[in-house]
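Trainee: Quick one: sequence and predicted model below, then my questions.
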Amino acid sequence: MQFNLEKTDPESQARAGTITLDHGPVETPIFMPVGTVGTVKGVHQRELANDINPDIILGNTYHLYLRPQTTVLEKAGGLHKFMNWDRNILTDSGGYQVYSLSANRKIKEEGVKFKSHIDGSMHFFTPENVMEIQRTIGADIIMAFDECTPYPCDYNYAKRSMHMTHRWLDRCVAHLDKTPLKYGYNQTLFPIVQGSTYKDLRKQSAEYIASVGAAGNAIGGLSVGEPAEEMYAMTEVVTAVLPEDKPRYLMGVGTPINLLENIALGIDMFDCVMPTRNGRNGMLFTAHGTINIKNKKWETDFSPIDDMDITWVDTAYSKAYVRHLFKVNELLGMQIATIHNLGFYLWLVREARKHILAGDFTTWKNKMVKQMDKRL
């Protein structure tokens with residue numbers, strides 16, 4: 001993997017760059033649509049490629065391990081071939097899913113024992129087998145196994161957890177060096193900074209992760225319930241430490257405003273289920289604020305969802321029509337909303353890139369944050 005940093009905004013830490021992977025270049029800043037179980041929910045791969053057009057998407061190690069299982073993925077030749085996707089894929093480590101199973105898992109130094117949410121069967125994740133699982137899935141970027149701490153989190157617990165995440169990272173690196181590639185292209189490991197919302201822990205973790213010398217680095221354990229200002233504060237602490245010549249990935253974030261504010265702090269990569277999940281529930285993101293398309297006020301509004309040229313959905317379907325689809329429980333309504341939201345997120349990060357390159361990102365960002373911080 002290579003990362004070329006092209007320009008930094010003169011009034012902030014926002015950066016424009018290009019990550020080069022074996023399945024093609026990724027222009028940053030980038031938002032990665034979440035394809036948890038080998039599909040971005042409700043979106044055909046043809047629509048994903050042509051209408052949304054991301055350079056990279058995300059898959060989930062925990063879910064893919066359980067279904068369809070790694071034996072199926074290996075026989076298929078990896079996730080790319082299994083889902084017919086010829087661009088880049090990133091897989092998370094499963095650490096966040098294990099965190100979310102708080103009532104059904106036990107964490108210890110060796111790894112995490114957990115109960116499947118599907119059938120109650122018991123499984124065990126270690127840094128070593130998570131590397132093997134991700135080798136078999138075949139993503140271009142794979143994540144080190146970590147513990148994602150809850151919010152709020154006791155300082156001593158956060159400290160112990162952070163050090164364990166660092167030890168797990170060392171085990172991931174050692175095991176990955178002994179685990180051969182399976183499908184003829186390279187895979188790049190990203191370590192994950194932890195430390196909850198404690199500045200000293202975040203700084204210490206970022207220093208440890210930076211010392212590993214990985215090709216890229218991630219920030220985990222945020223967007224788990226803490227106020228946005230705490231998220232931004234922790235991000236600022238970490239980006240001040242992580243090397244400038246490596247891409248920085250903020251995991252699981254966030255709203256359109258979160259994206260812009262974190263881009264301004266030096267983040268290059270994002271993922272979040274919000275555009276797809278909220279879209280399926282009738283919330284549409286636009287350049288002028290959010291829309292609850294189920295509201296009666298849109299019943300006879302025949303204007304496009306947004307007045308900016310973001311995706312084909314905007315001119316093809318009116319607010320009134322999409323509202324009608326939701327009211328009669330037609331699946332097409334959820335699909336249109338999902339594609340619109342993903343299209344908007346990709347438009348937003350690409351516009352951010354344009355303004356970084358043009359040198360006026362901060363002015364544009366401040367205007368967009370005000371515009372989008374409304375319920376229409």
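Mentor: On my side now, so go ahead.

Trainee: worst-scoring helix or strand of this protein, pLDDT-wise?
Mentor: When the helices and strands of the chain are compared on mean pLDDT, DSSP states H and E, helix 312-316 comes out lowest with a mean of 60.

Trainee: Next one: residue 362 from residue 347, what distance?
Mentor: Distance from residue 362 to residue 347, counting by Cβ to Cβ, to the nearest Å: 19 Å. Where you see a C-beta, it was placed from the backbone N, CA and C, and this is true even at glycine.

Trainee: So which of those two has more stuff around it?
Mentor: Just comparing residue 362 and residue 347: by other Cβ atoms under 10 Å the higher neighbour count belongs to residue 347, 19 against 16.

Trainee: can you give me the helices in the stretch 1-150 of the chain?
Mentor: 45-47, 61-66, 70-76, 79-83, 95-100, 127-137 (DSSP state H, counting those that start in this stretch).

Trainee: Now mean neighbour count, distance to residue 286 and mean pLDDT too, for those helices, in CSV please.
Mentor: Below are those laid out as CSV (neighbours: other Cβ atoms under 10 Å; distance: least, Cβ to Cβ, whole Å; pLDDT from 0 to 100):
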stretch, mean neighbour count, distance to residue 286, mean pLDDT
helix 45-47, 15, 20, 95
helix 61-66, 23, 30, 96
helix 70-76, 15, 37, 98
helix 79-83, 19, 29, 98
helix 95-100, 21, 28, 73
helix 127-137, 23, 35, 97
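
Trainee: would you turn those helices into CSV with distance to residue 281?
Mentor: Listed next are the helices of the stretch 1-150 of the chain as CSV, based on distance: least, Cβ to Cβ, whole Å:
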stretch, distance to residue 281
helix 45-47, 20
helix 61-66, 20
helix 70-76, 30
helix 79-83, 25
helix 95-100, 19
helix 127-137, 29
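
Trainee: Let me know which of these is the nearest to residue 280.
Mentor: helix 45-47 (15.2 Å; Cβ to Cβ).

Trainee: Identify the residues contacting the closest one?
Mentor: 83, 84, 85, 339 (Cβ atoms under 8 Å, 6 or more residues apart in numbering).

Trainee: between the residues you listed, which is closest to residue 132?
Mentor: Closest to residue 132, out of all of the contacts of helix 45-47 and judged by Cβ to Cβ, is residue 83, at 20.4 Å.

Trainee: Help me confirm that that closest one comes into contact with residue 35.
Mentor: Yes: Residue 83 lies in contact with residue 35 (Cβ atoms under 8 Å); the separation is 7.4 Å.

Trainee: State the pLDDT value of the most centrally placed residue in the chain.
Mentor: By Cα atoms, centre = their mean, the chain has its centre lying nearest to residue 271, at 1.7 Å. Per-residue pLDDT puts residue 271 at 98.

Trainee: Right, I'll leave it there.
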